[in-house]
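I'd like to go over a predicted model; first the sequence, then the structure.
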Amino acid sequence: MTRPLPQVLATLGAPRVLVIGDIVLDRYLTGTVDRISPEAPIQVLRVEREEERLGCAGSVAHMLAVLGAETTLLGVVGQDDGAQRVESLAEAAGVTLRAIADGTRKTAVKTRHLARSHSTDQQVLRVDEETLGRVAPESEDALAEVVRERVASCDAVIVSDYGKGVLTTGLLALILRKARERNVPVVVDPKGADFTRYIGATCITPNRAEAKRATGVTVTDLASADEAATVLIGQADLDFALVTLDRTGMYLKARNADGVHLPTTPREVFDVTGAGDMVVSVLGIALAAGATPVEAASLANVAAGLEVEHVGVVPVTRDEIAARLATGSEGLAGKHVARVDAAALAARHRAAKRRIVFSNGCFDILHAGHVRYLAEAKSLGDVLIVGLNSDESVRRLKGEARPLNSESDRVEVLSALAVVDHVVVFDEDVPTALVEQVLPDVLVKGKDYEGKVVEGREIVEAHGGEVVLVDLHPGRSTTNLVDRIRDA
């Protein structure tokens, strides 16, 4: 019998999970584009912010660590600065790194150049620095030695294959054989068209395109998803296959059993980056904790839904999953956070090393000035929390005729913006108490606050944060809009 998902989540514990695969250092250079180069017909990106993250197998390991797993990451890096950065990021994420240093290879680095926009940062260029091809025999032998050591003591293995040469046929065979000997589940995020490389895995998690390359079956509906999954189980001798169907959800097919469709609730999808990594991460930790395939896949489906509501790869915590399960809220409604939960929400983001930005306002009639202002605010960190004045608060500040839009409507409209991660309603006239609860890294107000008191400044600066005043856009204001409507 399938248990309720809150119960599955509550019994995850802290299993030992080994992640094996291609380690990548993801770099993000974010800035503005406001001119074309005089040297060539290309955009000039003025970089304002740099960030580094663990990518590919490293991203999976980071997600697992945030979920509470005791995580080991195994792969190959070069003997270079990139390897040192990977080591530092793994340590900060709480991941045990067992990286084989290979002087014949570069540490894979993907640098994404992002131009800020009013909704989401737009990628204008990606630069890849990497060594492709099978790893040297000496490195393969060193990997095999760690596999023998770690599989003997882990509760689950995740194979994160990005086709860069680390997961050789021989190494995969060793991983799968050793895991089967101990009845340890192996979850594979596959690559390529030949899935016989993964014979003996517990499950694989291809998307539609990957399933078609491996099986020849075009996945357009549940019937074709069942057909493709059945072929995959036969090809790789799997316990079950989980075909991800983007907006349609997932299709789970176990050996000698009927398939199960796990639908998603319609939502605003802001960024699918990282959703696949989240699926295998939750599958791995849930199976390690003894969950059934249906339980593990259902939990992964919820976590993936949370992931796509964020811009970029943002690890999801157990508390966030629990909150979604408790409220049943999906999509945009999931951004509305109760005032009583604001402090815990911020604490979870800080634990995940996210830079929190806070701003506040009435946002009665959302206009272009608001959108640009909030985009500027989001660019200063990883998570934007917006404090929204309640209806009673707006009436005290603006008069009995305001707000024109109700509190619930204003929450819904703000939540529809990709740059807004959370909306918290407060009843006071000023947000000082809410700022104290959230303790943001950055408190944002408009330039019209120059020389004025910024409520919460002392609290933020006392905790090492900063107050940033961003430009306002002339002629855009709710009051002006109301006056124009009345005049008309």
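Nice, thanks for sending it over.

shaky segments in the stretch 351-488 of the chain?
Within the stretch 351-488 of the chain, the stretches with pLDDT under 70 are 352, 473-488.

recalculate using a threshold of 80.
For the stretch 351-488 of the chain, the stretches flagged by pLDDT under 80 are 351-353, 368, 401, 472-488.

next one: S281 from R350, what distance?
Shown here: S281 relative to R350, a distance of 21 Å by C-beta to C-beta, to the nearest Å. To be clear about C-beta, it is placed using only N, CA and C from the backbone, and glycine gets the same treatment.

name the residue in those two with the higher neighbour count.
Shown here are S281 and R350; by other C-beta atoms under 10 Å, S281 has more neighbours (34 against 16).

could you say what helices and strands the helix or strand hosting that one packs with?
For S281, the element it lies in under DSSP states H and E is helix 275-288. For helix 275-288, the packing partners by 3 or more C-beta pairs under 8 Å, 6 or more residues apart in numbering; DSSP states H and E come out as strand 16-21, helix 57-67, strand 156-160, strand 186-189, strand 240-244, helix 293-308.

run through who's touching the shortest one.
It stands for strand 186-189. 21, 60, 156-161, 175-176, 179, 198, 200-205, 276-277, 280, 283-284, 287 (C-beta atoms under 8 Å, 6 or more residues apart in numbering).

packing partners of the next helix or strand after that strand?
Counting by DSSP H and E, the next helix or strand C-terminal to strand 186-189 is strand 203-204. Other elements packing on strand 203-204 under the criterion 3+ C-beta pairs under 8 Å, 6+ apart are strand 186-189, strand 240-244.

could those go into a markdown table alongside mean pLDDT and distance to L472?
Below are those laid out as a markdown table (pLDDT from 0 to 100; distance: least, C-beta to C-beta, whole Å):
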| stretch | mean pLDDT | distance to L472 |
| --- | --- | --- |
| strand 186-189 | 96 | 45 |
| strand 240-244 | 95 | 43 |
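
I'd like those strands written out as CSV, with mean neighbour count and distance to L252 added.
CSV is the format used below for the helices and strands packed on strand 203-204 (neighbours: other C-beta atoms under 10 Å; distance: least, C-beta to C-beta, whole Å):
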stretch, mean neighbour count, distance to L252
strand 186-189, 28, 13
strand 240-244, 27, 5
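
may I see those strands arranged in TSV, with distance to A323 as well?
Converted to TSV, the helices and strands packed on strand 203-204 look like this (distance: least, C-beta to C-beta, whole Å):
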stretch	distance to A323
strand 186-189	25
strand 240-244	23
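
show me which of the contacts of strand 186-189 are buried.
Neighbour-count burial (16 or more other C-beta atoms under 10 Å) is assigned, among the contacts of strand 186-189, to 21, 60, 156-161, 175-176, 179, 198, 200-205, 276-277, 280, 283-284, 287.

circling back: rank the helices and strands packed on helix 275-288 by pLDDT, which is bottom?
Among the helices and strands packed on helix 275-288, helix 293-308 carries the lowest mean pLDDT, a mean of 86.

setting the sequence-adjacent residues aside, check what's closest to A286.
A296 (3.6 Å; C-beta to C-beta, 6 or more residues apart in numbering).

I figured the one you found was touching G290, is that so?
No - if you go by C-beta atoms under 8 Å, A296 and G290 don't touch, sitting 9.6 Å apart.

more neighbours: which of those two?
Between A296 and G290, counted using other C-beta under 10 Å, the more crowded position is A296 (28 against 15).

ok, now which ones touch that one?
Counted by C-beta under 8 Å, 6+ apart, A296 has contacts 8, 282-283, 286-287.

tell me which two of those residues sit farthest apart.
Largest separation among these by C-beta to C-beta: V8 and L283, giving 12.0 Å.

what's the neighbour count on R247?
Look at R247: counted by other C-beta under 10 Å, it has 11 neighbours.

wait, isn't it in contact with A304?
No - using C-beta under 8 Å, R247 is not in contact with A304, being 11.3 Å away.

for R395, find the nearest of the helices and strands packed on helix 275-288.
Nearest to R395, of those and by C-beta to C-beta, is helix 293-308 at 34.4 Å.

next, the angle helix 57-67 makes with the closest one.
Orientation check (axes from the mean of the first three to the mean of the last three C-alpha atoms, to 10 degrees): helix 293-308 against helix 57-67 gives 100 degrees.

can you give me the domain boundaries for this protein?
Following automatic domain parsing, the chain resolves into domains at 5-184+264-330, 336-487.

winner for burial among these?
domain 5-184+264-330 (a mean of 19; mean count of other C-beta atoms under 10 Å).

chain center to that one, what's the gap?
10 Å (C-alpha atoms, centre = their mean, to the nearest Å).

cool, thanks, talk later.
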